[in-house]
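1. the sequence isn't on hand, but the structure is:
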């Protein structure tokens, strides 16, 4: 209890603590705020720098540049026409498939079986030729072979896949249908 007229004096350490605690809390709040905003501020700076670089690199096209680009486009469209793939016969494709898939099959431990060509038939404005490929091996070897061969057979597309159960030797059989889509040959007719 304090007597009237007596004044209680705080110790110097208590005054320091009264000032240090709010300052410490303020510093912790500031650090948390900076941690939260560091990534967005860095992204904003990167966007500003890239926008400045794009503005500096962009030069407006003059009328002469536009006309030169139009002339070049007209020359390319009129002179060359649309690029067309050279149509290969089914026999050439079968030989190419055997030459491409055979070494890959041997490397993956897969046995390449029959490669047969089907007839070309029209489908949605294109000519489709199907090729049936049979291979035998373990599941792991077949999937590895398929992943390896898929890039090598481009532009052929895998349009069918059937996996048959293991035989007495434990090997699976995979039947693939590969399809080749080509534009129809140009029609012969009078040219104007």
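-> Structure received. Keep in mind the model is a prediction, meaning the values are calculated, not measured.

2. work out the gap between the helix or strand hosting residue 18 and the centre of the chain.
-> According to DSSP states H and E, residue 18 maps onto helix 12-57. Put simply, helix 12-57 sits 38 Å off its chain's centre (C-alpha atoms, centre = their mean, to the nearest Å).

3. now the residue nearest to the spatial centre of the chain: which helix or strand?
-> The residue lying closest to the centre of the chain (C-alpha atoms, centre = their mean) is residue 151, at 13.9 Å. Here residue 151, judged by DSSP H and E, is contained in helix 139-152.

4. buried sites along the helix or strand following that helix?
-> Downstream of helix 139-152, the next assigned helix or strand under DSSP H and E is strand 157-164. Residues of strand 157-164 include none that count as buried (16 or more other C-beta atoms under 10 Å). C-beta: built from backbone N, CA, C; applies to glycine.

5. ok, stretch 111-118 next?
-> By 16+ other C-beta under 10 Å, the buried positions in stretch 111-118 come out as 112, 115, 117.

6. list the contacts of residue 115.
-> 94, 97-98, 101, 131-134 (C-beta atoms under 8 Å, 6 or more residues apart in numbering).

7. may I have the strands that pair with the host helix or strand of it, each with its orientation?
-> Assigned by DSSP H and E, residue 115 falls within strand 111-123. Take DSSP bridges as the rule and strand 111-123 pairs in its sheet with strand 126-137 (antiparallel).

8. the partner strand vs helix 139-152, what angle?
-> Angle, strand 126-137 to helix 139-152, by axes from the mean of the first three to the mean of the last three C-alpha atoms, to 10 degrees: 150 degrees.
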